[in-house]
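Asker: With the input below, show me the fold.
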Amino acid sequence: MDSATMGEQVMAGFQKLGFIQFTGIEGVDYAPGRNVVRMAARPEHFNHNGDIHAALLFGLAETAAMGASISGIVDLLGETFIVARDGRIEYLARAKGEAGPFTATSELTAETLAETRANIQARKEIELEVPVSITDSTGKAVAAAAFTAVIRPRRK
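Answerer: The predicted structure is shown next:
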C-alpha cells in the first residue's frame, strides 16, 4: 500500500472521532516517519482574544504526533497497542484566527522508525518522543510540541 492510501486510511479513522470532527482537522501529507495535518479556523475555535483556543492547538499537535508515530508501523498495528502517554506544548506566538489555516508537522527519522519496528518485532515495549511544529498560513511558527507515544505488544 502506498503512503497516500495509508494516510487516507489513517485520517479516515481519525475523522470518526468527535474531537476531530469538531476541529475539522484534515490530513495534508502522510509518509513513513511524517504526518502533516491542518485545521482551518472556525468561529467556535476562537478564545476571547480572537486566537485559536490553546486546547485546539494542543489537539492539532497530538493528532499530528500520533499519526507520525504509527506512520512507519501500520503493517504491525495488529500486533501493537499505542497510546499517547503525555504531551507538552510551547506557545511561541499568537495563533490569530485570521492567520489560519494552521498546520502541524511531525517527523521522525529513518533510524527511529527502524528501531521502533525492530522493538515491535522483538515484542519490546517502547516509548517514543514525537516532535511537532505548528505554523500559520504564512509559515510563522506559533507552537512547538512533543508527545510520548507508548507502543507495546498486544496482550494475547
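
Asker: For the rest of this, base every contact and every neighbour count on C-alpha atoms.
Answerer: Noted.

Asker: what pairs with D86 across the strands?
Answerer: Listed by DSSP bridges, the beta-bridge partners for D86 are T148.

Asker: before we move on, which element is F22 in?
Answerer: Taking DSSP states H and E as the definition, F22 sits inside helix 18-23.

Asker: After that helix, which helix or strand is next?
Answerer: Downstream of helix 18-23, the first helix or strand assigned by DSSP H and E is strand 26-31.

Asker: buried sites along that next one?
Answerer: E26, G27, V28, Y30, A31 (16 or more other C-alpha atoms under 10 Å).

Asker: now do stretch 73-82
Answerer: For stretch 73-82, the neighbour count (16+ other C-alpha under 10 Å) marks I73, V74, E79, T80, I82 as buried.

Asker: Run through who's touching the helix holding F22.
Answerer: Outside helix 18-23, the residues within contact range by C-alpha atoms under 8 Å, 6 or more residues apart in numbering are F14, Q15, M39, H45, L56.

Asker: ok, the residues you listed vs A68, which is closest?
Answerer: Of all these, F14 has the smallest distance to A68: 12.8 Å, by C-alpha to C-alpha.

Asker: State the pLDDT value of that closest one.
Answerer: Note for F14: predicted pLDDT of 71.

Asker: A4 too?
Answerer: 61.

Asker: for Q121, same thing?
Answerer: At Q121, the model reports a pLDDT of 89.

Asker: residues near it, how many?
Answerer: Neighbour count of Q121, defined by other C-alpha atoms under 10 Å: 13.

Asker: next one: G33
Answerer: There are 21 residues near G33, going by other C-alpha under 10 Å.

Asker: Just say helix, strand or coil for the residue most central in space within the chain.
Answerer: For the chain, the residue nearest the mean C-alpha position is A64 (1.4 Å; C-alpha atoms, centre = their mean). Judged by DSSP: H, G, I helix; E, B strand; the rest coil, the three-state class of A64 is helix.

Asker: contacting residues around it?
Answerer: Applying C-alpha under 8 Å, 6+ apart, the residues contacting A64 are N35, V36, V37, A104, T105, S106, V132.
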